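S.K.: prediction below, plus the sequence it came from.
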Amino acid sequence: MTRTVFCTKHQKEAEALDFAPWPGPLGQRVLDHIGKPAWNEWLAHQTILINEYRLTPRDPKARAFLQAEMEKFLFGEGTQMPAGYVAPEG
């Protein structure tokens, strides 16, 4: 049986993640309150941020930036697309 959570991002029941996707308390919060569809949306947005800002995820400053953006995206007011970002056609 698939585990579900009440997704705070989408404000409805959704399939739960299989494991905490981030270390520490934030990862547990994501596991307990974010569904797979919202997490997949974050992964797509994170990819845009990494590419547009040319971030190296191993860099501590980049990880701190991505963590802050993830919290805003999943639990806060949302995030902005990078300045000048043009979505690919298709």
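M.R.: Now that the structure is in, tell me what you want to look at.
S.K.: okay, CA-based contacts and neighbour counts for the rest of this
M.R.: Noted.
S.K.: most centrally placed residue in the chain?
M.R.: The chain has residue 42 as the residue nearest its centroid, 3.1 Å off, counting by C-alpha atoms, centre = their mean.
S.K.: please tell me how far that residue sits from residue 25.
M.R.: To residue 25, residue 42 is 18 Å away according to C-alpha to C-alpha, to the nearest Å.
S.K.: re the thing from before, from memory the residue nearest to the centre of the chain sits against residue 75, does it?
M.R.: No. Here residue 42 lies out of contact with residue 75, judged by C-alpha atoms under 8 Å, at a distance of 11.2 Å.
S.K.: can you give me the strands in the protein?
M.R.: Along the chain, counting by DSSP state E, strands occupy 4-7, 12-15.
S.K.: is it possible to get a markdown table of those strands that adds distance to residue 34?
M.R.: A markdown table is the format used below for those (distance: least, C-alpha to C-alpha, whole Å):
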| stretch | distance to residue 34 |
| --- | --- |
| strand 4-7 | 5 |
| strand 12-15 | 8 |
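S.K.: ok, now how distant is residue 69 from residue 62?
M.R.: Taking C-alpha to C-alpha, one finds residue 69 at 10 Å from residue 62.
S.K.: more crowded one of these two?
M.R.: Neighbour tally, residue 69 and residue 62, criterion other C-alpha atoms under 10 Å: the higher count belongs to residue 69, 20 against 16.
S.K.: that older thread, and the strands of the chain: which comes nearest residue 56?
M.R.: Closest of the strands of the chain to residue 56 is strand 4-7, at 29.1 Å (criterion: C-alpha to C-alpha).
S.K.: sheet partners, orientation included, of that closest one?
M.R.: Applying DSSP bridges, strand 4-7 is found paired with strand 12-15 (antiparallel).
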